[in-house]
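# Generate coordinates for the sequence data below:
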Amino acid sequence: MKNLTKTAVFLLAIFLANLSFADYSKHPEAAAFVDTMVEKHHFDRQQILAWLAQAKHQNSIVKAMSRPAEKVKPWHQYRKHFISDLRTKNGVKFWRQNQATLERAAAEFGVDPAIIVSIIGVETNYGRNTGSYKVIDALTTLAFDYYTYTDKRESRKKFFTIQLEHLFLLAREQQQDPLSLKGSYAGAMGWGQFMPNSYRNYAVDYDGDGFADIWTNPTDAIGSVANYFSKHGWQKDQPVATRAHINGKVSEEGLNQMKRPKTSIADLVAMGYEPVEKFDQDTKAFPMRFKAKYGDEYWIGLHNFYVIGRYNPRTKYALAVYQLSEIIRTSHCASDEHC
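Sure, this is the predicted structure:
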């Protein structure tokens with residue numbers, strides 16, 4: 001009965017999605033949004049309506065949102081998608097081409113250059129795949145026509161409505177055409193895949209030309225990613241994560257919960273997790289388990305691992321970023337005597 005109910009609700013969601021408006025300026029949920037843009041941000045009403053009228057519903061976006069790789073794929077398959085010889089090679093090349101900028105960002109923001117390189121690699125393969133959806137299409141679809149039977153429906157619709165609000169604000173502030181900006185199916189933009197609010201809060205003009213260009217300028221992309229991590233609490237020269245051995249049956253308390261770590265290493269050891277590397281026993285961390293090809297892998301995430309998770313709150317994502325960063329660092333340093 002429970003599965004039948006879920007199926008019925010899911011079919012209803014599909015039906016409602018198919019009723020989506022071709023003209024978002026006439027969507028019943030758009031009226032309140034337009035009022036907010038006019039009354040709170042002093043936009044011209046007809047301008048907002050004109051932009052919304054040009055936005056198009058994308059069924060492929062709704063489908064993509066319903067099957068995120070972090071949930072669907074086990075770790076050993078997910079890892080292969082992001083960690084490969086080609087992505088490593090491209091990462092080393094990107095590091096060499098932008099070494100001066102990365103060194104400057106590391107000095108000014110205190111963020112590990114390998115992590116900056118890895119983030120850009122995981123997100124867009126160093127600018128090679130920044131997304132082909134119009135951002136306004138993605139955000140209107142998800143703000144007004146994203147239906148799901150999960151409890152997160154309203155919070156996610158609210159999130160994307162806020163992103164649409166920020167899209168119009170950044171367009172005005174940066175003198176950009178909101179109809180021309182492209183990105184991922186979720187509305188993330190540029191080399192580092194910033195959502196509109198992240199752009200407004202963390203993007204920086206790192207080459208001093210008067211425009212924070214995260215779409216085509218690797219210098220601005222590097223500075224923006226570094227600023228994002230710095231603002232979210234990255235701790236300079238501190239570890240990120242370590243493998244763990246298991247002693248007997250372990251406690252699953254806090255397992256794979258991407259939250260600010262509050263459990264001490266000493267307590268994790270008492271719970272059955274033995275970190276491969278040595279840390280102060282008071283160091284705060286949290287345990288993780290991943291489905292490897294031939295069994296489970298256990299890891300311990302530290303504060304900087306949690307900070308990576310502020311970029312994308314999935315443990316698989318953060319571990320992929322960390323592992324790729326270490327592989328790229330090793331390859332880069334093998335040919336750089338100053339590394």
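# Show the residue spans covered by the helices in the stretch 101-250 of the chain.
Here the stretch 101-250 of the chain has its helices, by DSSP state H, counting those that start in this stretch, at 113-124, 135-144, 153-174, 196-202, 218-231.
# Just tell me which of those ends up closest to residue 44.
helix 153-174 (10.5 Å; Cβ to Cβ). Where you see a C-beta, it was placed from the backbone N, CA and C, and this is true even at glycine.
# Once you drop chain neighbours, what's closest to residue 33?
Nearest residue to residue 33 in three dimensions, chain neighbours excluded: residue 161, at 6.3 Å (Cβ to Cβ, 6 or more residues apart in numbering).
# Show me how far stretch 99-117 is from its chain's centre.
Its chain's C-alpha centre and that of stretch 99-117 lie 19 Å apart, by Cα atoms, centre = their mean, to the nearest Å.
# Put the alpha carbons of it into CSV.
Extracted in CSV, the C-alpha atoms of stretch 99-117 (Å, rounded to 0.1, in the frame of the first residue of the first chain):
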residue,chain,number,x,y,z
GLN,A,99,50.1,28.6,-11.5
ALA,A,100,50.8,32.2,-10.6
THR,A,101,47.0,32.8,-10.0
LEU,A,102,46.7,29.7,-7.9
GLU,A,103,49.7,30.6,-5.8
ARG,A,104,48.3,34.1,-5.3
ALA,A,105,44.9,32.7,-4.3
ALA,A,106,46.6,30.3,-1.8
ALA,A,107,48.5,33.1,-0.2
GLU,A,108,45.6,35.6,0.0
PHE,A,109,42.8,33.2,0.9
GLY,A,110,44.7,30.3,2.6
VAL,A,111,43.0,27.7,0.4
ASP,A,112,44.9,24.7,-1.0
PRO,A,113,45.5,25.2,-4.7
ALA,A,114,44.9,21.5,-5.3
ILE,A,115,41.4,21.8,-3.9
ILE,A,116,40.7,24.8,-6.1
VAL,A,117,41.9,22.9,-9.2
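# can you pull the buried residues of it?
101-102, 104-106, 109, 111-117 (16 or more other Cβ atoms under 10 Å).
# Over to stretch 238-250?
Residues 239, 240, 241, 242, 244, 250 are the ones in stretch 238-250 that count as buried (16+ other Cβ under 10 Å).
# Restricting to C-alpha, output that stretch in PDB.
Coordinates of each C-alpha in stretch 238-250 appear next as PDB, following Å, rounded to 0.1, in the frame of the first residue of the first chain:
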ATOM      1  CA  GLN A 238      44.900  21.500   7.800                       C
ATOM      2  CA  PRO A 239      44.000  17.900   6.800                       C
ATOM      3  CA  VAL A 240      40.800  17.000   5.000                       C
ATOM      4  CA  ALA A 241      40.100  13.300   5.500                       C
ATOM      5  CA  THR A 242      41.700   9.900   6.200                       C
ATOM      6  CA  ARG A 243      40.900   6.200   5.700                       C
ATOM      7  CA  ALA A 244      39.800   4.300   8.700                       C
ATOM      8  CA  HIS A 245      40.200   0.700   9.800                       C
ATOM      9  CA  ILE A 246      37.300  -1.000  11.600                       C
ATOM     10  CA  ASN A 247      37.700  -2.600  15.000                       C
ATOM     11  CA  GLY A 248      34.800  -5.100  15.400                       C
ATOM     12  CA  LYS A 249      31.200  -3.900  15.000                       C
ATOM     13  CA  VAL A 250      31.100  -0.100  14.700                       C
END
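# Is the residue nearest to residue 33 in contact with residue 141, as I believe?
No: contact status for residue 161 versus residue 141: not in contact, 11.6 Å apart, counting by Cβ atoms under 8 Å.
# Can you lay out the buried residues of stretch 238-250 as a markdown table showing distance to residue 336?
Formatted as a markdown table, these follow (distance: Cβ to Cβ, whole Å):
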| residue | distance to residue 336 |
| --- | --- |
| 239 | 22 |
| 240 | 21 |
| 241 | 24 |
| 242 | 25 |
| 244 | 31 |
| 250 | 40 |
